[in-house]
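Peer 1: The following comprises the amino acid sequence and a computationally predicted model.
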Amino acid sequence: MPENVPVMYGIPNCDTIKKARNWLKTHQIDYQFHDYKKQGTDESQLTNWLQELGWEQLINKRGTTWRKLDENTKSNMNNQAALKVMQDNPSIIKRPLLILKDQKILGFKEDTYQQELLQS
């Protein structure tokens, strides 16, 4: 894939991922998909995302994976703890994470995709 093709990180059976992928397909935007469950997560990449975005944005606190964590882990969460949690439970990473050149778009909002992908 060319360097300017967006890369979407996530899990294929996630409803939000399905919506984002459908939006990209409808607008005929080529992208590469990285499946956390099949392809894993790279520690250095996760570390960079944590440094840039922070665990508060990267960790999905509304999902069942977060709710299943013990209270001690949740109350002591920081970037270092989040790294281990994300490696052990990639489902806890907020989805999708779309990387477009050096920009990171977290979650799916149609207006954000419209602005960032169609007006460039």
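Peer 2: Nice, thanks for sending it over. Numbers count the residues shown, from 1 in each chain.

Peer 1: Any chance of the backbone angles for the residue nearest the centre of the chain?
Peer 2: The centroid of the chain falls nearest to residue 97 when counting by Cα atoms, centre = their mean (2.9 Å). Torsion angles at residue 97 (phi, psi; degrees, to the nearest 10) stand at phi -110, psi 110.

Peer 1: show me the contacts for it.
Peer 2: 8-10, 49, 58, 104-106 (Cβ atoms under 8 Å, 6 or more residues apart in numbering). For glycine as for every other residue, the C-beta is placed from the backbone atoms N, C-alpha and C.

Peer 1: Could you tell me which of those belong to strands?
Peer 2: Taking DSSP state E, the ones among the contacts of residue 97 that sit in strands are 8-10, 104-106.

Peer 1: Closest to residue 117 out of those?
Peer 2: residue 105 (8.7 Å; Cβ to Cβ).

Peer 1: which residues does the closest one form a beta bridge with?
Peer 2: residue 98 (DSSP bridges).

Peer 1: Which residue ranges of this protein form strands?
Peer 2: 7-10, 32-35, 97-100, 103-106.
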